[in-house]
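K.L.:
any chance you could fold what I've pasted below:
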Amino acid sequence: MSQDKTRSALDWFEIPVHDMARAQTFYETLLATQLRREAMGPQTLAVFPYDEAGVGGCLLQGSSAPQPASVGTLIYLNAAPSLDAVLARVEAAGGRVTTPKVMLPGDMGCFAHITDTEGNRVGLHALA
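P.N.:
I've put the predicted structure just below:
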């Protein structure tokens, strides 16, 4: 079976939340960006900025949304240009660093794990 080498394994992600306002403020503060609020049926979304050709994702609140989780699938958000700068904002924004900065081999960068205001385990990655 031939694979299209231009495709990414990931197209979209959703981070479930209990309190959209609190979670949106957390991620906007953490990543120093604005999320776009949208309604989709009975669910409320706060969409992370993304290039239409790239991977997108959102915070998700609603009756059919899964519960926040501290175990299971782990997504990594882009912490560019500096993981240190993002990690410095975690606790002030209401989250907790659970795995401090880890350097990866070669020029793969570094990562850390955090717990957000909703109890989700989330990874952060940057090249510096």
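K.L.:
for this protein, what spans make up the helices?
P.N.:
Counting by DSSP state H, the segments of the chain that form helices are 20-31, 83-90.
K.L.:
of those, which approaches residue 12 most closely?
P.N.:
With CB to CB, the closest approach to residue 12 among these belongs to helix 20-31: 16.0 Å. (Each C-beta comes from the backbone N, C-alpha and C, glycine too.)
K.L.:
for the protein, which strand is longest?
P.N.:
The residue-count maximum for a strand in the chain (DSSP state E) belongs to strand 96-103.
K.L.:
so how far is that strand from its chain's centroid?
P.N.:
15 Å (CA atoms, centre = their mean, to the nearest Å).
K.L.:
deepest of the helices of the chain, which one?
P.N.:
Neighbour counts (mean count of other CB atoms under 10 Å) averaged over each of these peak at helix 20-31, with a mean of 19.
K.L.:
what helices or strands is it leaning on?
P.N.:
Applying 3 or more CB pairs under 8 Å, 6 or more residues apart in numbering; DSSP states H and E, one finds that helix 20-31 makes contact with strand 43-47, strand 56-61, helix 83-90.
K.L.:
for residue 10, find the nearest of the ones you listed.
P.N.:
Within those, the stretch nearest residue 10 is strand 56-61; the backing value is 8.7 Å (CB to CB).
K.L.:
for residue 67, which non-adjacent residue is closest in space?
P.N.:
Spatial nearest neighbour of residue 67, excluding adjacent residues (CB to CB, 6 or more residues apart in numbering): residue 16 at 6.1 Å.
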